[in-house]
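Colleague: got a predicted structure plus its sequence, pasted below:
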Amino acid sequence: MGNKDVKVVSFWISPFARRVEWALRLKGVDYEYIEEDIYNKSPLLLELNPVTKKVPVLIHDHKPIIESFIILEYIDETWNQYPLLPQHPHQRALARFWANFAEQKLLDHAWIAMCSSGDVQEKALNIARDAMEKIEEEIKGLKKFFGGEDIGYLDIALGWISYWLPVLEEVGSMQIIDPLKHSATIAWMNNFLSHPVIKESLPPRDEMLAYFHSRRKALSSTFQNFFKD
């Protein structure tokens, strides 16, 4: 039974929205899930997020909070159990940096690579692979997670790498994660996906493949000119 004071407006395949659910579940906060059709946006979404008109939206005490990273920090500040962000300010700053770095350099360019071919795909792949190399170096030496023995903010922020990125690779017939070069990342992925909270809240992989194949087909002409002047 969902908590009427906490609601998550989401889209089933969105890794950004999934972050919010992971954080709430790790903290043991009940919530009501509201599925949104992002291709036919509801009046509710447009009312809650008139600026970007995107999911996720967290509703707490009838007040909307938008943007997944901001929502994660709001959740961490609102519910003290199971802290997500590191306690030290420098470590908190590093976690925020790597979350944004992975989003801008790895996720964005993996998406472009999936939806393109030829030179455009190769340029995007080079950027994504370079980002993956830097993330691999950051992961080396970890215990199990960025948060130590427990999943923390950065694990949640980068969690899409463990499940969504391999799907993008398969759909785009490309490789970004190399098991030989990125062994630390592979170990972290396995630890992350084995956690009960994560394992029980992943979208079906076959449905993800079908969805991303359709998005690749729909967007291929758009991204084919991405790097051209």
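Modeller: It's in.

Colleague: for this protein, which spans come out with low pLDDT?
Modeller: The model of the chain has pLDDT under 70 over residues 1-4, 224-229.

Colleague: show me where it has helices.
Modeller: Along the chain, the stretches classed as helices by DSSP state H are 15-26, 43-48, 68-78, 89-101, 108-114, 118-139, 153-157, 160-171, 183-194, 196-199, 205-223.

Colleague: which of the ones you listed sits closest to P56?
Modeller: Closest to P56 of the helices of the chain, according to Cβ to Cβ: helix 15-26, at 3.7 Å. All C-beta spots, glycine's among them, are computed from the backbone N, C-alpha and C.

Colleague: distance check, E149 against R129.
Modeller: Separation of E149 from R129 (Cβ to Cβ, to the nearest Å): 30 Å.

Colleague: oh, I was asking about R205
Modeller: As judged by Cβ to Cβ, R205 and R129 stand 23 Å apart.

Colleague: mind giving me the domain ranges of this structure?
Modeller: For the chain, automatic domain parsing gives the domain ranges 6-78, 89-223.

Colleague: got those domains as JSON lines, with mean neighbour count columns?
Modeller: Output for the domains of the chain, formatted as JSON lines (neighbours: other Cβ atoms under 10 Å):
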{"stretch": "domain 6-78", "mean neighbour count": "17"}
{"stretch": "domain 89-223", "mean neighbour count": "17"}
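
Colleague: quick one on the thing from earlier: closest one to F145 among the helices of the chain?
Modeller: When those are compared by Cβ to Cβ, helix 153-157 sits nearest F145, at 4.7 Å.
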